[in-house]
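Student: Have a look at this prediction, sequence included:
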Amino acid sequence: MNIGFQIDAIDKLDFKTDSSLPIILESQKRKNKNFYFLPTTLTYKNNHLYAQAREIFFKNNKLSNYVIGNKRQLKVDRFDYVFIRQDPPYNMEYITSLHLLEQVKDSTKFINNPNGIRNAPEKISMLAHKKIIPETIITRSKTEVKSFIKKYGMSVIKPLYGNGGESIFLLDQDDENYNQIIETFIDKQKEPFIVQKFLKEIKNGDKRIILIDGKPIAALRRIPKKNEIRSNIHVGGSCEVTEISKNDLRICNEIKNFLQSEGLFFVGIDIIGEYLTEINVTSPTCIQEIKKLHGIDISKVIWDQLFKK
């Protein structure tokens with residue numbers, strides 16, 4: 001099969017932690033031809049969608065030892081599967097690439113479905129599951145933020161479309177920077193932002209659970225650095241082995257039908273304490289960390305499940 005991967009510039013990916021590269025390598029092991037392209041290279045013309053794609057091949061099946069072919073303009077519908085794996089920001093550039101990819105949905109299978117990704121912004125889609133998320137507001141109103149914090153106490157403020165722990169702050173009305181943080185968000189964020197009740201369980205880290213076709217496969221716990229509320233690996237968080245609890249399964253079962261109906265095959269969810277805090281559908285990570293800690297190869301699970309389909 002011919003497999004396409006819409007990802008970020010490959011020379012900027014860290015082969016030690018990146019999750020796209022292991023999926024490509026596993027595809028290679030299964031005798032597929034693999035190509036990658038940037039979303040900025042998509043062109044729709046003469047009723048066809050094209051991408052400036054390059055073949056990628058790993059020497060000796062090692063992630064650190066890859067060879068990249070020359071750019072070729074290829075029809076996207078020549079690919080049997082396309083993995084949409086570029087990182088946010090989830091902006092109009094991102095959304096436009098999803099609209100373009102959707103033009104070949106009848107001839108190419110996607111992981112994940114571009115329409116599903118578009119319908120499931122990672123911090124908004126969870127609002128449909130009110131019973132399993134912490135108290136939350138989405139607003140641009142300083143008055144609403146202050147009213148929320150007066151009612152629920154210490155809270156976390158973050159952009160709707162950020163990633164990797166970017167621009168996440170603790171809001172405490174006793175903090176001298178309290179008003180400044182809110183005003184900065186109003187000034188700098190074009191869109192509304194999200195405020196959630198602070199969950200003290202974050203001191204023990206959050207759980208990242210990987211789901212394939214709605215089924216939870218494995219989890220790890222991400223521990224924040226001292227005096228830090230962000231547990232993301234990108235900002236220095238560390239990883240520990242953890243198991244999928246009964247409460248985790250309850251959360252996974254709650255969102256299963258939603259994920260499957262939207263064609264969201266490969267998903268990573270974040271859980272703090274008893275609550276779901278994010279549904280990651282754009283570029284779920286932690287594949288390599290899970291393999292090191294659990295010995296579970298998510299890449300193999302992905303391809304095994306796809307071949308079953």
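Tutor: Received it, and whenever you're ready, just let me know what you need.
Student: need the longest strand for the chain.
Tutor: strand 48-58 (DSSP state E).
Student: Quick check: buried residues in that one?
Tutor: In terms of neighbour count (16 or more other Cβ atoms under 10 Å), strand 48-58 has its buried residues at 49, 50, 51, 53, 54, 55, 56, 58. Any C-beta I mention is one placed from the backbone N, CA and C, and that applies to glycine too.
Student: Give me the sheet partners of that strand and which way each runs.
Tutor: Partners of strand 48-58 in the sheet, by DSSP bridges, are strand 33-37 (antiparallel), strand 43-45 (antiparallel), strand 66-68 (antiparallel), strand 72-75 (antiparallel).
Student: so who does residue 50 touch?
Tutor: 42, 43, 44, 73, 74, 75, 76 (Cβ atoms under 8 Å, 6 or more residues apart in numbering).
Student: what's the closest non-adjacent residue to the first one?
Tutor: Spelled out, it's residue 42. In space, and not counting its chain neighbours, residue 42 is closest to residue 100: 5.0 Å by Cβ to Cβ, 6 or more residues apart in numbering.
Student: And the pLDDT for the one you found?
Tutor: Per-residue pLDDT puts residue 100 at 98.
Student: again, but for residue 165
Tutor: On pLDDT, residue 165 comes in at 66.
Student: Can you tell me the number of residues neighbouring the residue found closest to residue 298 once you drop the neighbours it is linked to in the chain?
Tutor: Spatial nearest neighbour of residue 298, excluding adjacent residues (Cβ to Cβ, 6+ apart): residue 287 at 4.5 Å. Per other Cβ atoms under 10 Å, the neighbour tally for residue 287 reads 26.
Student: go on, the one 3 residues further on?
Tutor: Neighbour count of residue 290, defined by other Cβ under 10 Å: 23.
Student: who are the neighbours in contact with it?
Tutor: 210, 218, 219, 220, 296, 298.
Student: Next, the contact list for residue 206, please.
Tutor: Residues in contact with residue 206 (Cβ under 8 Å, 6+ apart) are 221, 222, 231, 270, 271, 272, 277.
Student: which stretches of the stretch 201-309 of the chain form strands?
Tutor: For the stretch 201-309 of the chain, applying DSSP state E, counting those that start in this stretch gives strands covering 206-212, 215-223, 238-241, 266-272, 275-280.
Student: report the angle between the axes of the first one and strand 266-272?
Tutor: Here strand 206-212 points in a direction 160 degrees away from that of strand 266-272 (axes from the mean of the first three to the mean of the last three Cα atoms, to 10 degrees).
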